[in-house]
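*Asks:* predicted structure and sequence below. I'll ask about it afterward.
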Amino acid sequence: MDWGVIPRNINFLLGGLVLTFELAFFAISGGLLFGIIMGLCRLSSRKWIYAPATFYVNFFRSLPLILVIFWFYFITPIIIGRPLGDFLSAIIAFIAFEAAIFAEIVRAGIQSIPKGQVMAGYSTGLSYVKTMRYIVIPQALRNMVPALVTNTVIIFQDTSLAYVIGVKEFLRRTHLVDSREIRSIELYAFAAVVYLILCFLGSTLGRRLEKKERR
Amino acid sequence: MLNYTFDWSVLWRPPYGKWFLDGILTTIQLSLLAWMIALFLGVTIGTMRVLPWRPVRLLGTTYVEVIRNIPILVQLFFWYFALPALLPRHIELWLYKNVSKFPFWIAALALGIYTASRVAEHIRSGLYSISKEHYQAAYSTGLSTFQVYRYVIIPYAMRIIMPPLTTEFVTIFKNSALAMTITVLEATGAAYLIDSYTFHGLETTTGACLVYISISICIAVFMGWVEKKISIPGLIVRKG
Amino acid sequence: MIQIKNVSLWYGKYRVLYNISEEIKKNTTVVICGPSGSGKSSLLRCINGLERFQEGQIFVDGKSVQDPSTHISELRADIGMVFQRFELYPHMSAIENITLAPMKVRGKSRKDTEAMAMSLLERVGIPEQARKYPGEMSGGQQQRVAIGRALAMEPKVMLFDEPTSALDPEMIREVLDVMINLSRSGMTMIVVTHEMGFAREVADEIIFIDEGKIIERSTDKQSFFENPQSERTKEFLSKILL
C-alpha cells in the first residue's frame, strides 16, 4: 500500500473539493429558494396553483438524481440553442431536483402547525398574511430545521453524481488519480473518510441547532 | 432552439429496443435483490440498536453512522474498485474469472448495505415509539417474551414502520441507477449506452424517466392497497 | 347584539346545525350546553366566521357575518374567542401573545400595548407571568393569558369554547373566577361549557343543544335545572349533575 499517493496529489484532489462545495452551495440556495415557493404553492387552495406544483414535486421525486442530471444535460442545449458547460448543466439539474425535495419539507413543516394556532390568530382579527407571518411561519421554520439540515448534508453527498457528466468535483478527481496510479484502496478510503468527516460534522451541527431551538 | 430532430424509435427498434428492455429488467432484478439484503441486514441492525446490551447497540450505531455519512456512490466505488484489491490475489482472479456479471452482484451488495442503514433507522424509531407501558401491559397479562413480541409488539410496529419502508423501497429503485457508473446496464445505463450509439440521448433519458415514474406509481398503488388491507381502524399512521 | 337567523351548517354530507335561530342581547351571559358532537362549538365558530355556514344569517352588532363584502378580520377584532386548548403561540411570551394583535392589527405603539397588556394580566391575576413562555405555565395560567389575549382587542362580545374542559380539576376554579368577574362587569358572553356551577352563578340564559338543534332554552336558571321541559334535557342533566 502506498499512502503517499494522497499527499502527492493533494492539490488536485482538494481542488475538486472546492468544486464540490461550489456545486453544493448553488444547489442548496437555488433549491431552497424555489422549494419555498413551490411548497407554498402546494398549500394553495387554488387548483391552478396547486396542480402544477404537485405535478412538479411528484415528478422529480420519483426520478433518480443521476437520471435528472443526464436529462438536463441533454435537454438544456436544445432549449437554449447552444451547448451548456457541464458545471452549469449540473447546477440547473440540481436546483430543479432539490426544489422538489425542499418543497415537500416546507409543506410538511407548515402543515405540522395545528389548525388551532391559525384559528387563534384569526380570532384576534389578524389577516391570513399576518397570521402566517407572525404565528405559523416562525413555528414552522423551527420544525423544519432538522429536515433542512439533513437534506443539506444529502445534497453535499449528491454532488458526487455530477461526476457522470464530467464535472471534475472531488470524487471524479479521486477516480482520475486512481486510473493513473491504481491505488484504489488508499484513494477511495481517503475519499470515504473526507466525506465521512464533513457529513458527520454537518449532521452534528444540525443536531446542535435542533437542540438549541428547543427552549 | 438548436436544430434537433427527434427519433423516438431508438427506444424500441432493434437492437436498441432489446437493450432498453434488458435495462429495465436489470433495474428490477438489482433493486429486488438489494432490497432483500437491505431488509435482512436492516432488521438485524435496527433490532440490535434497541437491545439492552451496550456493545451490541454500539455496533449497530457505528454501522448506521458510518454507512449513512458516506455517499452511496463512494461506497459503490469502494466495493467495486478497492475491495477486490484487498483480497488475496488468487481469490481476486477467481472472482473476475468465474463470477459473471460481477458488477451486478457488487452493485446489489453495495446498495443493500447502504439501504440497510436507513432501514435500520426506521426499524429503530418504530420500535422506540412503542411506549414501555405497552410492553408492561402485555407482560402483565402473563404472556412470555416471545409471545409479547409475536402477538402484540410486532404486529403494531409493522404498521408504523411500513410507510417509511415503502419510501425506502422506492428509493432503492432510484439508487439502482447509480450502478451504471460501474458498468451495470440497468435502465439509466442502457439509456446512456443507446445515446452513445445514436446521439439521441434526450429520447432515451426521457424513456428512462418514464420507466422510473411508472415504477413509482405502481409501488404507490400496490402499497396503498396493502396498507389499507392491514390497517387498524382508528390508527392513522401516514400523515397526509 | 347578536342575531342568529335560520343557520344551517354542513360538513360535506353531514349536517351539523339545523335551522338555528337565537337572539343574544347586550350585557348578557348565555351558556350553551349539550352532549359532544351536538354542534355547540360549531355554532360558536359560525358567529365569528371561523366556520362558514351554508344557510341562514348571523348579525353581530348590526354587521353581517355571511356577507362576502364584510371585512371579516375587522369583525373578528370586535369578537374575542377563548379556545378549549388555549392555543397560545408557543414561540412568544405571555405578554407578546397579548400584544401581537393590537400592535399588528390596530397599529398601536409597543409602549401603550405593553401597559395595557400588563393591566390585563393583573386583571386575570397573573402579572408575574408576563415574560414567561406558554411551555413554562400551568394550564390554568395559560388559559387566563388566553382570556387576556382575547380581551386585548377590546371586543364587544366574548366567545368561550369549553374553556375549562382541558384543565386539571384544581385549576378550573381560577379560570371560572375570571369569567365570573368578566360577566359581572357587563361583558356580553357566550359560553359553551359543562360547568353547571358557573351557569347557576351568572347565566342570564341557558340553551341546550342536541344533534344540531336547540332543544330547550330558559332564562330562569332555577326552573331549567329543577324542572327541565324536554326528556332529552332531563337525560343530559342527569348525566352531568351529581
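*Replies:* Structure received. Computed from a prediction, not measured in an experiment: that's the story for all the values here.

*Asks:* could I get the contacting residues of the closest residue in space to residue A:181 that isn't next to it in sequence?
*Replies:* Closest residue in space to residue A:181, ignoring its immediate chain neighbours: residue A:5 at 5.3 Å, by C-beta to C-beta, 6 or more residues apart in numbering or on different chains. In short, each C-beta sits where N, CA and C put it, glycine included. For residue A:5, the contacting residues are A:177, A:181, A:183, A:186, A:187, by C-beta atoms under 8 Å, 6 or more residues apart in numbering or on different chains.

*Asks:* most neighbours of all those residues, which one?
*Replies:* Ranked by the number of neighbours (other C-beta atoms under 10 Å in any protein chain shown), the contacts of residue A:5 place residue A:187 first, at 27 neighbours.

*Asks:* right, and that residue touches residue A:180 too?
*Replies:* No. If you go by C-beta atoms under 8 Å, residue A:187 and residue A:180 don't touch, sitting 10.2 Å apart.

*Asks:* and residue C:105, how far is that from residue A:69?
*Replies:* 49 Å (C-beta to C-beta, to the nearest Å).

*Asks:* so between those two, which is more surrounded?
*Replies:* Higher neighbour count among residue C:105 and residue A:69: residue A:69, with 25 against 18, using other C-beta under 10 Å.

*Asks:* and that one, its phi and psi?
*Replies:* Phi and psi for residue A:69, reported as degrees, to the nearest 10, are phi -60, psi -50.

*Asks:* tally of neighbours for the closest residue to it other than its chain neighbours?
*Replies:* For residue A:69, ignoring the flanking residues on the chain, the nearest one in space by C-beta to C-beta, 6+ apart is residue A:93 at 4.5 Å. Using other C-beta under 10 Å, the number of residues around residue A:93 comes to 25.

*Asks:* show me which residues of the helix or strand containing residue A:93 are buried.
*Replies:* Per DSSP states H and E: residue A:93 is located in helix A:86-111. Residues of helix A:86-111 classed as buried by neighbour count (16 or more other C-beta atoms under 10 Å in any protein chain shown): A:86-87, A:89-111.

*Asks:* the very next helix or strand once past it: which residues count as buried?
*Replies:* Per DSSP H and E, helix A:86-111 leads on to helix A:115-123 as the next helix or strand towards the C-terminus. Neighbour counts over helix A:115-123 (16+ other C-beta under 10 Å) mark A:117, A:118, A:119, A:120, A:121, A:122, A:123 as buried.

*Asks:* any idea how far residue C:49 is from the last one?
*Replies:* Taken as C-beta to C-beta, the spacing of residue A:123 relative to residue C:49 amounts to 10 Å.

*Asks:* repeat for the second one
*Replies:* Noted for residue A:118: a distance of 13 Å to residue C:49, by C-beta to C-beta.

*Asks:* and residue A:163, by the same measure?
*Replies:* Applying C-beta to C-beta, the value for residue A:163 to residue C:49 is 57 Å.

*Asks:* that older thread, tell me who's in contact with the residue nearest to residue A:69.
*Replies:* Contact analysis of residue A:93 by C-beta under 8 Å, 6+ apart lists A:65, A:68, A:69, A:71, A:72, A:73.

*Asks:* which secondary element of chain C has the worst mean pLDDT?
*Replies:* helix C:221-226 (a mean of 78; mean pLDDT, DSSP states H and E).

*Asks:* which residues touch it?
*Replies:* C:196, C:199, C:200, C:203, C:206, C:216, C:218, C:233, C:237, C:241.

*Asks:* let's have those in a markdown table, adding distance to residue B:67.
*Replies:* Below are the contacts of helix C:221-226 laid out as a markdown table (distance: C-beta to C-beta, whole Å):
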| residue | distance to residue B:67 |
| --- | --- |
| C:196 | 62 |
| C:199 | 63 |
| C:200 | 67 |
| C:203 | 66 |
| C:206 | 66 |
| C:216 | 68 |
| C:218 | 71 |
| C:233 | 66 |
| C:237 | 64 |
| C:241 | 63 |
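
*Asks:* for chain B, which spans come out with low pLDDT?
*Replies:* Within chain B, the stretches with pLDDT under 70 are B:1-3, B:96-99, B:234-240.

*Asks:* mind naming the longest helix for it?
*Replies:* Ranked by residue count and defined by DSSP state H, the top helix of chain B is helix B:16-48.

*Asks:* residue C:19 contacts residue C:4, doesn't it?
*Replies:* No. Using C-beta under 8 Å, residue C:19 makes no contact with residue C:4, being 10.2 Å away.

*Asks:* looking at those two, which is more packed in?
*Replies:* The neighbour count for residue C:19 versus residue C:4, taken as other C-beta under 10 Å, is higher for residue C:4 (22 against 13).

*Asks:* could you look up the SS state of the residue lying closest to the more buried one once chain neighbours are set aside?
*Replies:* Excluding its sequence neighbours, the residue lying closest to residue C:4 (C-beta to C-beta, 6+ apart) is residue C:22, at 4.6 Å. Secondary structure, DSSP: H, G, I helix; E, B strand; the rest coil: residue C:22 is strand.

*Asks:* where's residue C:22 relative to residue C:131, distance?
*Replies:* For residue C:22, the distance to residue C:131 - C-beta to C-beta - is 41 Å.

*Asks:* looking at those two, which is more packed in?
*Replies:* Neighbour totals were compared for residue C:22 and residue C:131, and residue C:22 leads with 19 against 10 (other C-beta under 10 Å).

*Asks:* contacts only, for that one.
*Replies:* When contacts are counted by C-beta under 8 Å, 6+ apart, residue C:22 touches C:2, C:3, C:4, C:207, C:214, C:217.
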